[in-house]
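Enquirer: My questions concern the predicted model and sequence given below.
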Amino acid sequence: MPGDYRAAHPAPRARPAPPADSPRQPFTRQHRSVVYFRGCNEARAAGAAPIYRGQPGYRPEMDGDGDGIACEPYRGRR
């Protein structure tokens, strides 16, 4: 009986993994950045400043002039 069952119900075959250079990669969920600095002093102490828009740790709240660069060095007035 088990032989008859196996003949009628073959085991499903596993799909082969796509080659590494395949253009269709499996879907991966993009996670938000886990880098967080309380302020620019903390970012500077970590050696991460200046932080550009799109980089981990960038927040608009830390970009005072809205140019896409947070914690940039203060240039002062002349």
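Expert: Cool, the structure landed.

Enquirer: counting contacts, what elements does the least confident helix or strand in the chain by mean pLDDT pack onto?
Expert: One helix or strand of the chain scores below all others by mean pLDDT, DSSP states H and E: helix 2-8, with a mean of 73. Based on contacts counted as 3 or more Cβ pairs under 8 Å, 6 or more residues apart in numbering; DSSP states H and E, there is no element that helix 2-8 packs against. Using the backbone N, CA and C atoms, a C-beta is placed for each residue, glycine as well.

Enquirer: Buried residues, stretch 58-74. List them.
Expert: For stretch 58-74, burial by neighbour count (16 or more other Cβ atoms under 10 Å) applies to 58, 62-63, 69-72.

Enquirer: Quick check: end-to-end length of that stretch?
Expert: With Cα to Cα, to the nearest Å as the measure, the ends of stretch 58-74 fall 17 Å from one another.

Enquirer: repeat for stretch 48-56
Expert: Stretch 48-56 has an end-to-end distance of 9 Å (Cα to Cα).

Enquirer: Could I get the full set of helices for the protein?
Expert: Here the chain has its helices, by DSSP state H, at 2-8, 40-45.

Enquirer: May I have the first one as PDB, with CA atoms only?
Expert: Looking back up the chat, that one is helix 2-8. The C-alpha coordinates for helix 2-8 follow below in PDB (Å, rounded to 0.1, in the frame of the first residue of the first chain):
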ATOM      1  CA  PRO A   2       2.600   2.700   0.800                       C
ATOM      2  CA  GLY A   3       4.300   2.000  -2.600                       C
ATOM      3  CA  ASP A   4       1.000   2.500  -4.400                       C
ATOM      4  CA  TYR A   5       0.400   5.800  -2.500                       C
ATOM      5  CA  ARG A   6       3.800   7.100  -3.300                       C
ATOM      6  CA  ALA A   7       3.400   6.300  -7.000                       C
ATOM      7  CA  ALA A   8       0.100   8.100  -7.000                       C
END
